[in-house]
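Colleague: Show me the folded form of this:
(chains A, B, C and D)
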Protein chains: 4
Amino acid sequence: MEQSVRVGVYGASGYAGLDLVEILARHPYVDLKFAVSNTYAGQAVPHTNLTYAKTDAVALADVDLVFLALPHGVSAQVAHEAVEAGVAVIDLSADLRLDTAESYQEWYGHEHPYPEMLDAPYGLPEIHRASILGKRVVAAPGCYPTTTLLGLYPLLKHGWLKSSRPIIVDAKSGVSGAGREPKPTTHFVEVFGNFSPYNPGRSHRHVGEIEQEIHKLDDSVGTLIFTPHLLPVDRGLMASIYVELSEGHTSDQAQELYEETYSQEPLVDVLPPKAQATLRHVVRTNGAAISLTPVTPEYLHITSVTDNLRKGASGQAVQCFNLMFGFPETTALI
Amino acid sequence: MEQSVRVGVYGASGYAGLDLVEILARHPYVDLKFAVSNTYAGQAVPHTNLTYAKTDAVALADVDLVFLALPHGVSAQVAHEAVEAGVAVIDLSADLRLDTAESYQEWYGHEHPYPEMLDAPYGLPEIHRASILGKRVVAAPGCYPTTTLLGLYPLLKHGWLKSSRPIIVDAKSGVSGAGREPKPTTHFVEVFGNFSPYNPGRSHRHVGEIEQEIHKLDDSVGTLIFTPHLLPVDRGLMASIYVELSEGHTSDQAQELYEETYSQEPLVDVLPPKAQATLRHVVRTNGAAISLTPVTPEYLHITSVTDNLRKGASGQAVQCFNLMFGFPETTALI
Amino acid sequence: MEQSVRVGVYGASGYAGLDLVEILARHPYVDLKFAVSNTYAGQAVPHTNLTYAKTDAVALADVDLVFLALPHGVSAQVAHEAVEAGVAVIDLSADLRLDTAESYQEWYGHEHPYPEMLDAPYGLPEIHRASILGKRVVAAPGCYPTTTLLGLYPLLKHGWLKSSRPIIVDAKSGVSGAGREPKPTTHFVEVFGNFSPYNPGRSHRHVGEIEQEIHKLDDSVGTLIFTPHLLPVDRGLMASIYVELSEGHTSDQAQELYEETYSQEPLVDVLPPKAQATLRHVVRTNGAAISLTPVTPEYLHITSVTDNLRKGASGQAVQCFNLMFGFPETTALI
Amino acid sequence: MEQSVRVGVYGASGYAGLDLVEILARHPYVDLKFAVSNTYAGQAVPHTNLTYAKTDAVALADVDLVFLALPHGVSAQVAHEAVEAGVAVIDLSADLRLDTAESYQEWYGHEHPYPEMLDAPYGLPEIHRASILGKRVVAAPGCYPTTTLLGLYPLLKHGWLKSSRPIIVDAKSGVSGAGREPKPTTHFVEVFGNFSPYNPGRSHRHVGEIEQEIHKLDDSVGTLIFTPHLLPVDRGLMASIYVELSEGHTSDQAQELYEETYSQEPLVDVLPPKAQATLRHVVRTNGAAISLTPVTPEYLHITSVTDNLRKGASGQAVQCFNLMFGFPETTALI
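Modeller: You can find the predicted model right below:
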């Protein structure tokens, strides 16, 4: 029997935090020491015997690792403190995901407080597994980047995309992706029976992060056109991706490419030809599902889906945790 | 052609206010002069050429009547100012609905600022039409009281309820009834796929008001047991009412009683035997629908439905307006 | 390690059947041999390596026990064949739940084909555990009876209900309770934004079954008034129960009574005072939750909730299975 | 006062038929003589004093015009009979929309019974107004073509699209678009909380019709890539369109182009820059709303929305009716 890792969770009462605690509570090698929520301090933490604690009521000295399900800006501060205290970090915010301070400034509108922390590996195991293994600080990506990048990865890795052609991503997210804090845009009456685009074109903050990761794999591709939409469902995320293939490749060959690329991935399901990925395939699971539609020989339509709170947040963070500490990668996830 | 009434609306950007403005905009005898919303000041008012104005940017001198779709407490203040300025008032809040200052203190937890205003008639035309005609100040009741009282009225009026027996009302409301301000309880993720009781038993503020009106019609009946629930829909309200009949009356005679009582009411639809009233019967209309199920000879089950924002708020307010100014009662409502 | 029980499921592609297979697939002592569905024959059975088989393609000789998630009428036939073949039976239909052939004829409108099978115990473990232990044929009750009876049980067992007074149950069910076969009443457009009573009063078939079980515990109580409603959610069931207490008992004592009665029940959660049971408490779990509201000293309001497909169907069937074969009662359920 | 037109509706109980009757019932120049529904024959027709009649119980001689809200295949037969009887026709099915018998054979898989009827004008008034005026037979297009074509029209009309480049349409429809007949795919439980693509790529039957209309306006553009999705809402349709502009035009000039093109169109609303069109803008109205997002100078993202049952079906049919008979075009529509 392996020894348990002592773990703390910050931002434990947000939607990603709630799912994270639920997963950790059944993880055989996790000893959950605290769950921080300033809003819900004193209330019971579901799936545990803990109560939520305020930030200043917990001690980093009590844990080996912290998960940070905090807003960007706040997260970098806690991550820095944790590292200073010798505590490992899995950050679910965007604070450690961009590679340069310039990029962070561009997309988040303020200076990064600890640019030296930006060397944390990008915690998408199916693409960056080797760089996550055994690491002490990992930046786990969120729902839009994860779902989009998994949908594009086989094409990017093998150079199948036509250079300089745009990648079009029409994305749809359940409302939990907007966070638990009540806002006019998440009021039941505003969402019910509605469907809305937001931050279209290239204005969403995740465009910078997604392009950064795309270009690491293939820097010849064109612009990312990315339109998120708000779906009237609680959870689930779909990225509908439209791409043009480079010469020498045809869309009907994509099925085999995807099946091969993901053949050893327990958390990515490439659906058979003609099947279409839907939210139902992944909601409340820790995996992704991908379906492929050859439209014309040059044009491929890819549908990639995840649960935004699981493979798009907490499940992925635990997958990184397993890699960092040498546990079987899908422990507590399937 | 009748002369137009110059009208102002306070609380015009709340859900009841929005529906109210929509109805007034098509009312042939209304000249809508202003729509007050401190939150949305400067933005366009749907269905009109106006923009929302702040409270201090409008003048009571410009109007003949104001509709107040304001929170209780605030509403009495504006009502008082209006009356002082010689302006007629239709108050959609609870501030003028209770008959005594003691009752108001009991249910709202603070002293009523203008107890002399509590003589305003209770604006439920099907029950109190005569007292509304030509009045200058009317207290229009909201969704729970209206739907419950319409469901009980024929029995109360004719003394069919067994004395001292409780009246059980299991009520269900769409989320717009909770107001437009974002709250944890109205977050889409909290409501979606859920169904919840709240303020059960006798703890909801409307219990006092409903009992007051019940007792005016029949003061021999027993306790009101009233449980509101939050339905995962945007609008619509159902009161499921269970009552015991007094001797000499059987539940199978109720159908005829209701049909007769409401035979001249254009906004109350008594469904035929066996049919069941559903939200679909009334959503986005200004009427109520009622169905009757004789369970045993003594026990009757009544289902009464309204659109909580229409017959349960704004539509009813306009119905009162029509009565106050002598217009055909259903003008702009059907 | 205990030996596995070889199991077959009939009606495996219905909503209850789907949940049942999902639970059985993770049951450590179950060897699922076949899953029957004439509609989906040949397609993959989720959570297993099986494909759905037609009725005539499976052999009772291959299994030790069958679960029957079939329509009433059909179920009794298969149950009889199974018993003849020496195979144990857990019937999720209503075919074995009523105690007499007369009662079956009354509520289902046709003669019971095998009245001798009506001695099967009623599979609600919290009430009838002793009679289920080690049995070969069990009639597992469905969502409305289970949720209602669990909500009433402590009062009935201890004689707290006032004699001859009606028990009022205003019930609400998610749409999966209406079955998977497409019908006008389950069309998305008909249900969305709507809320509807159906089979009100005493016309729903489960009235007979619920009263039968009520009267076994306390035959002095009055009529059951039972109104089911269709909720616009996929799963979850609430029974809102209104009762009058007998002399010597007051509603504020009920909390303690319920806590004591259910103190050893792992699948029934009595919420603390003031808390209200909601669908969210139980959806996708195998348990029930109950909250109590003392309205007046004599009147008690009880809210009882289950997942209609779990504690209200498949989870309960597996709970019975565990009792029949001597496995820990909550195996595969928590 | 103009003379009324005597009108009959076939397929009057389907979702488009229901909305159509509702609009016609308030049309000042329509005398609705019959509403055909074989399924609901004998039941009351909402918003009218009629009852649904079977096909063989109505007489074409009683009307001047028929609306056909029938399935394709069936519709052409009734259209032909009507024309033979000297009755004008507005067909809401696809039977008269394609220009050639070959095209119909290709997309619908069977021979067109009356190819001579394919010269009916395509009833999208904003594009083909002149050809509809005064006509006796019109083929009114449905939701996907209407919403897509309105979103593209200014670009196509003025030659702004880059030749040979694909037009990508990621479309989303409310469930009423799938018809009122219950099907597994429209079962509430299957749709609730889900989001699904269907008939992706170029497999949806409307691809042929949309391309036909696109090429009439600009035959140099490339392939249509069209993916419909099923949204968990009752009504509303969004076409998210991604296009590449030809040289000499930049995406930031599109706003002015659209505003000018539609400046005289009462039923098309071009939203101001930065605003995003949502279902809420159009649900239960007879208009379309369009928003434009310049992504890069070459790439434009267009969001076009309609109510699939109104501007995407019945509202548009009435708009055509008004043009055919010389009534003001928006009579009964705004």
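Colleague: Now do the contacts for the residue nearest the centre of chain A.
Modeller: Central residue of chain A (CA atoms, centre = their mean): A:G142, 2.6 Å from the mean position. Applying CB atoms under 8 Å, 6 or more residues apart in numbering or on different chains, we find A:G142 in contact with A:92, A:94, A:206, A:308, A:312-313. Backbone N, C-alpha and C define where each C-beta goes, glycine included.
Colleague: Max pairwise distance over those: which two?
Modeller: A:A94 and A:N308 (14.6 Å; CB to CB).
Colleague: how about the helices in chain A?
Modeller: Per DSSP state H, chain A carries helices over the ranges A:15-25, A:74-84, A:101-108, A:125-132, A:143-157, A:188-191, A:206-217, A:254-261, A:315-325.
Colleague: Now mean pLDDT too, for these, in TSV please.
Modeller: As requested, the helices of chain A are exported to TSV (pLDDT from 0 to 100):
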stretch	mean pLDDT
helix A:15-25	98
helix A:74-84	97
helix A:101-108	96
helix A:125-132	98
helix A:143-157	98
helix A:188-191	98
helix A:206-217	96
helix A:254-261	98
helix A:315-325	98
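Colleague: burial of the residue of the stretch 201-334 of chain A found nearest chain B, as a residue count?
Modeller: The stretch 201-334 of chain A approaches chain B most closely through A:D234 (4.7 Å), counting by CB to the nearest CB. Neighbour count of A:D234, defined by other CB atoms under 10 Å in any protein chain shown: 23.
Colleague: just A:A94 next, same as before
Modeller: Applying other CB under 10 Å, I find that A:A94 has 23 neighbouring residues.
Colleague: Do you know the pLDDT at it?
Modeller: A:A94 carries a pLDDT score of 95 in this model.
Colleague: A:L118 is in contact with that one, correct?
Modeller: No: between A:A94 and A:L118 there is no contact under CB atoms under 8 Å: 11.2 Å.
Colleague: what's the closest non-adjacent residue to A:R284?
Modeller: Nearest non-adjacent residue to A:R284, counting by CB to CB, 6 or more residues apart in numbering or on different chains: A:D307, 6.2 Å away.
Colleague: do A:K54 as well
Modeller: Among residues not flanking A:K54 along the chain, A:A41 sits closest, at 4.6 Å (CB to CB, 6+ apart).
Colleague: Just to check, A:T51 is in contact with A:V45?
Modeller: Yes: using CB under 8 Å, A:T51 makes contact with A:V45 at a distance of 6.3 Å.
Colleague: These two: which has the busier surroundings?
Modeller: A:V45 (23 against 14).
Colleague: Show me which residues of chain A sit near chain D.
Modeller: A:166, A:168, A:170, A:172, A:190, A:193-198, A:200-202, A:223, A:225, A:227, A:229, A:231-234, A:236, A:238, A:240, A:242, A:276-280, A:283, A:291, A:293-296, A:299, A:301, A:303 (CB under 8 Å from any CB of the partner chain).
Colleague: Now, of those, which are buried?
Modeller: Neighbour-count burial (16 or more other CB atoms under 10 Å in any protein chain shown) is assigned, among those, to A:166, A:168, A:170, A:172, A:190, A:193-197, A:200-202, A:223, A:225, A:227, A:229, A:231-234, A:236, A:238, A:240, A:242, A:276-280, A:283, A:291, A:293-296, A:299, A:301, A:303.
Colleague: Which ones among these map onto strands?
Modeller: A:168, A:170, A:172, A:196-197, A:225, A:227, A:229, A:238, A:240, A:242, A:291, A:293-294, A:299, A:301, A:303 (DSSP state E).
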